[in-house]
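>>> the sequence and its predicted three-dimensional model are supplied below.
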Amino acid sequence: METVELHIPASPWTLALPLGADTRTYLYLILCLALSILACSHLLRKPTSSRPVLNPSGFEIIGLQRRIDFNNTAGGLITQGREKFPGKPYHLITDTCDLLVLPPTFAEGIRNNPDLDLTSTVEEDFHAYVPGFEAFRGGREDEITNMITEPLSRETDFALKQRFGVSNDWKEYKVYEEILDVVARISTRVFLGPELCRNEEWLRITKNYTVDSFIAAFVLRIFPRSLRSLVHWFLPQCRSIRQQLADARKLILPAVQARRKLRASVQAEGKVVPDFNDAIDWLDQEAKGDPYDVVSCQLGMSMAAIHTTTDLLTETMQNLAMHPELVEELRREIVEVLSAGGWKKTSLYNLKLMDSVLKESQRVRPAGTLVMQRKATRTTKLPDGSTLAKGQRCAVDSFGPSGMASSEVYDNPSAFDPHRFERMRGQPGLDSKAHLVATGPAHLGFGHGQHSCPGRFFASNELKVALCHLLIDYEWRFADGYTPKRMENGFMLGTDPEARILLRRRSQPEVELLGL
Ligand code: HEM
């Protein structure tokens, strides 16, 4: 499989920077103002620990070219770091910070360290204090449950018919674009309920905000932190995400207010409040009456959920196109399990081959080379007894020794083995590591420890429901002339957003999924 660097702004892994002429004038003006502050701040950013530095940046005024180039060089640098300092921490000067890269053997030791925080790394890299970037603020979005399998299935059926129709003729699609829409719809069904999941305006925002805010954050990072609160008002990329946030407010607030009003009136009449089974309710329940910004929580949740889930689903569909022998096996499993148990959470649990295929797809190509990004909120100890200074950032190299591609842990780790995790089921010591939602140093696809992905239980269910519908109701193969690729940008790895497939509806599915 080739690795390419693509520039398609439909996915957050690729960033193009469309700056207009008037913007450039503002940028140059403000850049002049910023030079002296930058020179000082870059001198101050040098690592102070005695650990080795892989890529010392030397003196630089802005380092803009180096930071832009970092998106293309990060993968190579991490490979160099792994070879040069095997099993040892080292500093890497990234496009945003001085990062201490740790081997996977440290993952267990740092996973629940209360002095290592994830939120502040996101807030720092994505300017959470700037209007328009509110969705990057730490919020209440981690209360995710997974109790709506049946409505999820109904919405998946609707969304797939919307995108792929019901024709039995082959038609060519850009798979990422189509699956992104399907995932946005079914995720919104759970986050905001049945009305907004079919609202085109909200679907546009929920799909675009992630990519647009990544671009805006990148542009804003050109400026020193002290100027960002001013500069952002003039940047078209920041203006665009502020507008999206304002549009989101107009759509979400009336729905939330209507829900609260209904709840209050039902309670006043002494009746039982209906269970709406969506994140409007979950967030309100968790807030227990405290004020919170429901719109940025909802956008933050979509941002964490939609492109990540789309990426894994698209990657798995492509793996199935490369291994068509698996399709019949998976269909047999679906028919057997769902015919016996219907659309229950336990049925999804029993789709063991499907779980293994998804987990193996994620093991071979996770969403990032580095995971568990953290910042020390105070001086703390690392598992090797050394000290991590307050403010120092660190992250774990997923592919380091004992990690996701390690021959100490996995037989033939470079091969895609769809049954790998299915075989581990029921084996003492291995069963707990076999499930898609299980995390550990040898599988960091959802991170590990106190900040591991709280949405993975929901994502796992959503992915399985979507795959059941896709496998039973549709068939697909790569479009003629298309060669599978994967892409890399900074620490992010992604499926090819340009991948083309031929897909058609099956005329005689083994089972009627909506009737279960
Ligand atoms: C296949 C889909 C997904 C993947 C691959 C994924 C991956 C990740 C990863 C790698 C992290 C960081 C973990 C760490 O640093 O230890 C994370 C965090 C997070 N994810 Fe996911 N995620 C997915 C789906 C979702 C969904 C569906 C939701 C919400 C419904 C969600 C919500 C979150 C939140 C809120 C955090 C931050 C947790 C914290 O701050 O402690 N994710 N995810």
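Here it is on my side, so go on.
>>> which stretches of the stretch 351-500 of the chain form helices?
Assigned by DSSP state H, counting those that start in this stretch, the helices in the stretch 351-500 of the chain fall at 352-364, 420-424, 456-473.
>>> so which of those is nearest the ligand?
The ligand lies closest to helix 456-473 among the helices of the stretch 351-500 of the chain, at 3.9 Å (CB to the nearest ligand atom). Where you see a C-beta, it was placed from the backbone N, CA and C, and this is true even at glycine.
>>> buried ones in that closest one, by neighbour count?
456-473 (16 or more other CB atoms under 10 Å).
>>> and if you look at stretch 293-300?
By 16+ other CB under 10 Å, the buried positions in stretch 293-300 come out as 294-300.
>>> so what's residue 217 scoring on pLDDT?
With respect to pLDDT, residue 217 has a value of 94.
>>> specify the beta-bridge partners of the closest residue to residue 97 other than its chain neighbours.
Distance criterion CB to CB, 6 or more residues apart in numbering; nearest residue to residue 97, sequence neighbours excluded, is residue 393 at 5.0 Å. Beta-bridge pairing for residue 393 (DSSP bridges): residue 99, residue 375.
>>> residue 393: how many residues sit nearby?
When neighbours are counted by other CB atoms under 10 Å, residue 393 registers 22.
>>> same question for residue 498.
Residue 498: 18 neighbours (other CB under 10 Å).
>>> quick one, which of the helices of the stretch 351-500 of the chain gets closest to residue 166.
Closest approach to residue 166 among the helices of the stretch 351-500 of the chain (CB to CB): helix 456-473, 8.9 Å.
>>> which strands or helices does the closest one pack on?
In terms of contacts (3 or more CB pairs under 8 Å, 6 or more residues apart in numbering; DSSP states H and E), helix 456-473 is packed against helix 149-164, helix 175-192, helix 294-322, helix 325-341, helix 345-350, helix 352-364.
>>> what angle separates whichever strand or helix holds residue 266 from helix 175-192?
If you go by DSSP states H and E, residue 266 is part of helix 236-268. Angle, helix 236-268 to helix 175-192, by axes from the mean of the first three to the mean of the last three CA atoms, to 10 degrees: 40 degrees.
>>> in whichever helix or strand comes after helix 236-268, what counts as buried?
On the C-terminal side of helix 236-268, the closest following helix or strand by DSSP H and E is helix 279-287. By neighbour count on 16+ other CB under 10 Å, the buried set for helix 279-287 is 279-284.
>>> is helix 279-287 in proximity to the ligand?
No. Figure legend: helix 279-287 not in contact with the ligand (CB under 6 Å from any ligand atom); closest approach 7.8 Å.
>>> returning to that earlier point: now do the helix holding residue 266 and helix 294-322, the angle between them.
Here the directions of helix 236-268 and helix 294-322 differ by 110 degrees (the same axes, to 10 degrees).
>>> what comes up buried for helix 236-268?
Buried residues in helix 236-268 (16+ other CB under 10 Å): 237-238, 240-242, 244-245, 248, 251-252, 255-256, 259, 263.
>>> and stretch 487-495, by the same measure?
By neighbour count on 16+ other CB under 10 Å, the buried set for stretch 487-495 is 487-495.
>>> next: stretch 407-425.
For stretch 407-425, the buried set under the neighbour-count rule, 16+ other CB under 10 Å, comprises 409-410, 413, 416-418, 420-422, 424.
>>> may I see those residues arranged in JSON lines, with distance to the ligand as well?
As requested, those are exported to JSON lines (distance: CB to the nearest ligand atom, whole Å):
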{"residue": "409", "distance to the ligand": "19"}
{"residue": "410", "distance to the ligand": "19"}
{"residue": "413", "distance to the ligand": "19"}
{"residue": "416", "distance to the ligand": "17"}
{"residue": "417", "distance to the ligand": "20"}
{"residue": "418", "distance to the ligand": "17"}
{"residue": "420", "distance to the ligand": "18"}
{"residue": "421", "distance to the ligand": "15"}
{"residue": "422", "distance to the ligand": "19"}
{"residue": "424", "distance to the ligand": "20"}
